[in-house]
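**Q** For reference, the sequence and a predicted model appear below.
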Amino acid sequence: MLKWKIQSLAMAAGIGALLTVAPAKAEDASATAAYKDIQATLGSVPDMFRTLPDVAVAGAWAEIKGVQLNPKTALDGKTKELMGLAVAAQIPCQYCIYFHTQAAKLNGATDEEIKEAVAMAAIVRHWSTMLNGSQIDLAAFKQQADEVFAAVKAKSQ
């Protein structure tokens, strides 16, 4: 019994020590600095950023700025926003749908491309429902998909 109490106290002390360790801070990662950069980049600070606790603002902004708004990533802005719209349509999130539709248009997406992105989301959702609900064997599905891809590749050569 004494051994258990000592182990429990040691574990509690260890957990307490972990909780008192100061979190690592990225250079200039304060909410104030992030809000200033958001203002400079977007022209205002949308309320969505103010829904976050101060400790999360800099990280959330860095993620958006580093991927979504970064023109030097593997995907162009239009593609990223069409993907965002497709996901938003499936969540569904009316805020995200509005935002990503307008952002896709700002990045050059046509009405037809927007319709197609939403249609692709619907097709994926449909077949995901069918495959999962029917409990199709994943290994067999992968084998069949690979056979289809090989046939298409052979036909195109």
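**A** Arrived safely.

**Q** quick one: buried residues of the helix or strand hosting Trp127?
**A** Here Trp127, judged by DSSP states H and E, is contained in helix 111-133. In terms of neighbour count (16 or more other CB atoms under 10 Å), helix 111-133 has its buried residues at Glu113, Ile114, Ala117, Val118, Ala121. Every residue, glycine included, has its C-beta placed from N, CA and C.

**Q** Turn the residues you listed into CSV, columns for distance to Ala58 and pLDDT.
**A** Shown next, in CSV, are those (distance: CB to CB, whole Å; pLDDT from 0 to 100):
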residue, distance to Ala58, pLDDT
Glu113, 33, 98
Ile114, 32, 98
Ala117, 31, 98
Val118, 33, 98
Ala121, 31, 98
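
**Q** ok, which pair from those is furthest apart?
**A** Glu113 and Ala121 (12.9 Å; CB to CB).

**Q** Give me the angle between whatever helix or strand Lys80 lives in and helix 111-133.
**A** Using DSSP H and E, the element containing Lys80 is helix 77-90. Here helix 77-90 runs at an angle of 50 degrees relative to helix 111-133 (axes from the mean of the first three to the mean of the last three CA atoms, to 10 degrees).

**Q** Flag every buried residue along the helix or strand just after helix 77-90.
**A** Per DSSP H and E, the first helix or strand lying C-terminal to helix 77-90 is helix 94-106. Across helix 94-106, burial judged by 16+ other CB under 10 Å covers Ile97, Phe99, His100, Thr101, Ala103, Ala104.

**Q** what about Ile123, distance to Glu116?
**A** Look at Ile123 and Glu116: by CB to CB, to the nearest Å, they are 10 Å apart.

**Q** ok, now Lys72?
**A** Applying CB to CB, the value for Lys72 to Glu116 is 26 Å.

**Q** Low-confidence ranges, this structure, go.
**A** Applying pLDDT under 70 to the chain flags residues 1-29.

**Q** Find the residue at the geometric middle of it.
**A** The centroid of the chain falls nearest to Gly84 when counting by CA atoms, centre = their mean (8.5 Å).

**Q** How about that one: what's its closest non-neighbour residue?
**A** Counting by CB to CB, 6 or more residues apart in numbering, the nearest residue to Gly84 once its immediate chain neighbours are dropped is His100, at 3.8 Å.

**Q** Show me what the helix holding Trp127 packs onto, helices and strands only.
**A** helix 77-90, helix 94-106 (3 or more CB pairs under 8 Å, 6 or more residues apart in numbering; DSSP states H and E).
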